[in-house]
Each structure stands twice: as C-alpha cells, then as structure tokens.
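>>> The sequence isn't on hand, but the structure is:
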C-alpha cells in the first residue's frame, strides 16, 4: 500500500482497489484465477489455527505486565514506573502521552519542558515500535474491549446482535474537536472522558465511580457498535497511528500462498487495513499492512497459510 | 418434510444499498461525536457552579480553572506524598476528574517530605515549580468555624489521643522520629487546656497561636489564625472535637469571597 494511501485510510477513507499492480502481483493473482478453494482442508486448518494464540498470549502478558508495573510501583513502592498512562516517570525519567500533553499545552497556552521531554521520548519509542502497537500491547482499555468483543462474538453468532458500523472519519474529527475545545475553553474534556486514563488510574490509585463510564462505553461496544471507542473515537490511538506511519515494525502480507478466505479480517480490530487480502487487491507480492494496524498479531495467529507475518524493516540487512 | 421446518428467528432486515449504508454510517458517526462533545456542559457544571471547593496540593496554580486545565491527571503527586494526603477527584468533579485534592480531616499535608515532593513530581507545573518553601504554600486558610465547641475557649483539656482509635491519619512528631510520621491516634495527651491546633501546627506561631480569651472562663484561650497560615490542615486533622472546630477554607473559595466583596 502506498504511504499516503495508508495515512488517508487511517483518517477515514475507504480502502480502494490498487490503481496498478506489479508484474509479480499480476502473475500471482493470475495463478489463482478460476481456481476453487480446497474449502474442507482450509476449514480444518483454520480450526487448528484458532487454537493457536501464540502472539495473543505474549501480547496479553506484556500488556498486563506494563500495567502491573504502574500498580506495583505505587503499592509495593518499587518506584520503577511511577504515575499512570497519561504521564509517568520511568526510573525518574519523564514519560508522557503525546496527545494528552498537547491538550494540556493548548489549554494553558504554555509548553512545560517535562511534558515535551516525556512526549518526545514516548513518540520516538512508539514510532520505532509501530505507533498503534501502543493500543494492543500497552493500553488497558484495549484489553477490556477485546474481552467485550468476545462476548459480542457469541451474541452475534446466535443472531442476537448486528453491528452498526460508523464512518471512520469521525476519529480525526474528534481528534481536532477535543484539541479545539482545549484551546477554546482552557479545559481538557478529553482527559475527563478518557477511558484509558480512568482505567489506568483505577489500576494504580484504586476504584472510582468513573469506571461506570468505562462500563457504559464497553456496553455500547458490545451491544451496538463493535470496538467503537478504538475504531471511531480514540484520539490517543490516532496520535500513535500518525506517529507510527514509518515504523519499521509491522505486519506484512504475502500474496502467494493466501487463500483469500478472510479469517484475518474477522479477527481484526481495524479490518480495513486487511482489505488488501481480498482477492485481487494486493498491489505487490509482499505488502505492508497500513499504519492503523495495532500489530496485535491476531491475524498472524489465525492465518492458515502464514500469509501474514511480523517483520522489522531492514533487520535482515542489519543481521 | 414440512415446508415450515426452517423459520427465520427474526424478521429479515431490509437490504440496504451501499449508498444507504454509507449514509447511515455517517449519521451514526455524527451522533457519536455529538454525544461525546455534548458532555462538555456536564463536565463544566461542577466547576462553574463550584459544587466542590477543593483544597489543592501545595503549589497549585492560584486560578482554579487554569489549574484544572494544566493538570494532566496522572497522579504522580499522589505517589510521592509520604503521608498519602493527596487524593484524586472522581467523575463528579467534571473537569476536575482525576485532579488531586486534600481532605485534611482525614489526612492533612504535614510537610514531612520537607521538599514539597508533590510539586517536584508534577510534570506539567500545575503544581508550580517556582515554589520551594513551606511558607510560600497557599492551600487555603484555617478558620475557627465552631468557636462554641472549641475546648480552648471553654477552658477544657485533652486527656487521651486527639482522635479516636481507628483514625488512620499520620503526622510528623519531630521529637519522636524525624523521618517517620506517626499515627495521630497513637499519641495520647494530658493537657489541662487544649491547644493542639497551635501546638502541632508545622508552620508555628506565625500561622496560629493561642491568645487569652477575655470574656471566657478562667484559663480560656482561643486559636488565632495569622497571615503565615498556609492551609496545610494539620489543625483540622488534630482537633479533638467531632466535627472539627477549625477547618481550612480553600483558596478558590477565598478568591470567590474577595471577588464578591470587590
């Protein structure tokens, strides 16, 4: 996918068919033309793959460890990672969430040096690790939303629910609106509503009534619109997505063996990034998955043909 | 086989064209953003109506609205306080949700950190880094709100601890341990006349002192709050009467009173 195409898709544009495909892609697509799928074998493989939660388990372990590090730093006073996900200190060194910091700067028309240091550090960190990697590997709300989605899947399978998708352009619109509100009112509405901050603070400083708001958001996602906060609302996720547009760590799609059965799109939090796995869509034999990808690895785990893999750009050249 | 064997569980939804689907998705997106942004007045209400005048930690920006805008709601100030005096406000505080405050009757700021750790921990300067001395702190000002119940004014003493057993507040008693704050409920007194608010004030007699009460019973005194009071709330925490006779009026309330008078 083209660099700017990926960014535009993250901002809400619907994925398109590629304007042109490389010769290699043409040959690979041509080979598959007219051929039926060996559905029985594929379903078997998918059933087997479903039991594999390799990356998911690693990811959950990392996510829980990061958040426990916040909790233990306070409760057991190990003082390694003090604060919460909006701003913290790692062994005394400032870390800050870039979007939250930007809101504070807009609200107060000032530039606190510590926030700049913290935001730049975090921005560089996630720019290397893949931007929205933050979402699936560190964000505690993401984990709750994943569990909510599992409930939703069961209800949907029984025909009790249908999804109500929204135009993804609403996320950049909210991104701008929250920033404009901070500038105009001097208050940071987003930080008041931010479920990431609420969950992170609750994990460190104890339960709060604000968690009811988080429960309401989760109920909305389970009952009405699948993964609504992460897909359509969260400006923090969008910020990390923008920071990670050129990240070396990403998921790469390999056209050759792909059966185009679409299991990956069913498990994906942001399935528009995997539209390139639809038959005929891939512009090249190997295509990087777009910047909205959270690198959660569910597709890597579930793909029966290993057509989606984690890669670090340039690592093979370095080694 | 009967032809009614397969019955749809629910009425089939009308198939929507792509155009209709797109229109609906935009409509839902609009409603979602409208719904989230419509919470602005709800969050503004507790701040604008001053439903809760909070005592903010040392160094907090004097203007409450600026303070709330500057606070990134991370809670690092909470972590460094040696007596856990700092709490984080819940959703009922609107824009103040997640911002720090002090409830001195439960746990006052006793300055046992010496260095104003909360200010040093604040990454945004919502707790102003310019402040480095206890005397520069302006959390609020103590006020004798129930003079009639005050033991000093009635010439009564304290026999036993200032607060009942089970009270978890702590205070630095330098003469016992310079570095470890002690539970207030563990310290028993045998005073003929109560003077705990002045005796335990970490600032000293520039902030509060007992003065003779002319029209009271013999030996009666009254606590006199002076300009040096920084509003730490130790007097409120140690007052042996329940409810407390002396309480700290937050800076935000004082500012509002000044505006009202002007």
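Sure thing, it's come through. These numbers were taken from a predicted model, which means no experiment stands behind them. Numbers count the residues shown, from 1 in each chain, chains lettered A, B, ... in the order given.

>>> Break chain A into its domains for me.
A:3-52+A:251-312, A:56-242 (automatic domain parsing).

>>> Look at the first one and report the distance between its end residues.
Meaning domain A:3-52+A:251-312. When the termini of domain A:3-52+A:251-312 are compared using C-alpha to C-alpha, to the nearest Å, they are 17 Å apart.

>>> State the mean pLDDT of it.
In this model, domain A:3-52+A:251-312 has a mean pLDDT of 87.

>>> does any bit of the helix or strand containing residue A:239 sit next to chain B?
Element membership of residue A:239, judged by DSSP states H and E, is helix A:235-243. No: using C-beta under 8 Å from any C-beta of the partner chain, helix A:235-243 stays clear of chain B, with a minimum separation of 10.6 Å. To be clear about C-beta, it is placed using only N, CA and C from the backbone, and glycine gets the same treatment.

>>> Against which helices or strands is that helix packed?
Under the contact definition 3 or more C-beta pairs under 8 Å, 6 or more residues apart in numbering or on different chains; DSSP states H and E, helix A:235-243 sits against helix A:3-10, helix A:98-108, helix A:113-129, helix A:133-138, helix A:170-185.

>>> For residue A:200, which of these is the nearest?
helix A:133-138 (9.8 Å; C-beta to C-beta).

>>> and the closest one, how far out from the chain's middle?
Chain-centre distance of helix A:133-138: 6 Å, with C-alpha atoms, centre = their mean, to the nearest Å.

>>> got it, and stretch B:133-151?
14 Å.

>>> quick one on the thing from earlier: okay, buried residues for the helix holding residue A:239 please.
For helix A:235-243, burial by neighbour count (16 or more other C-beta atoms under 10 Å in any protein chain shown) applies to A:235, A:236, A:237, A:238, A:239, A:240, A:241, A:242, A:243.

>>> same question, stretch A:77-91
A:81, A:82, A:83, A:84, A:85, A:86, A:87, A:88, A:89.

>>> The second one touches residue A:89, doesn't it?
Just to be clear, that refers to residue A:82. Yes: at 4.9 Å, residue A:82 and residue A:89 qualify as touching, with contact defined as C-beta atoms under 8 Å.

>>> what touches both of these two?
Common neighbours of residue A:82 and residue A:89 (criterion: C-beta atoms under 8 Å, 6 or more residues apart in numbering or on different chains): B:76, B:121.

>>> Residue B:111 belongs to a helix?
No: Residue B:111 is assigned coil when assessed by DSSP: H, G, I helix; E, B strand; the rest coil, not a helix.

>>> Can you give me the neighbour number for it?
Residues within reach of residue B:111, counting by other C-beta atoms under 10 Å in any protein chain shown, total 21.

>>> same deal with residue A:310?
13.

>>> any idea which element it lies in?
Here residue A:310 is assigned to strand A:308-312, by DSSP H and E.

>>> Next, the angle from that strand to helix A:113-129.
Per axes from the mean of the first three to the mean of the last three C-alpha atoms, to 10 degrees, the angle that strand A:308-312 makes with helix A:113-129 is 130 degrees.

>>> What pairs with strand A:308-312, parallel or antiparallel?
strand A:249-254 (antiparallel) (DSSP bridges).

>>> can you give me how far the partner strand is from the chain middle?
The answer for strand A:249-254 is 14 Å, by C-alpha atoms, centre = their mean.

>>> Need the helices and strands packed on helix A:235-243 in a markdown table (columns: mean neighbour count and distance to residue B:176).
Output for these, formatted as a markdown table (neighbours: other C-beta atoms under 10 Å in any protein chain shown; distance: least, C-beta to C-beta, whole Å):
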| stretch | mean neighbour count | distance to residue B:176 |
| --- | --- | --- |
| helix A:3-10 | 17 | 60 |
| helix A:98-108 | 24 | 41 |
| helix A:113-129 | 18 | 36 |
| helix A:133-138 | 24 | 44 |
| helix A:170-185 | 18 | 47 |
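
>>> and residue 238, what does it touch?
Defaulting to chain A. Applying C-beta under 8 Å, 6+ apart, the residues contacting residue A:238 are A:10, A:171, A:172, A:175.

>>> That was the other one, I meant chain B.
With contact set as C-beta under 8 Å, 6+ apart, residue B:238 has these partners: B:162, B:163, B:171, B:184, B:196, B:197, B:200.

>>> And for the fifth one, the neighbour number?
Per other C-beta under 10 Å, the neighbour tally for residue B:196 reads 24.

>>> Just give me the closest of the buried residues of helix A:235-243 to chain B.
The closest of the buried residues of helix A:235-243 to chain B turns out to be residue A:235 (C-beta to the nearest C-beta; 10.6 Å).
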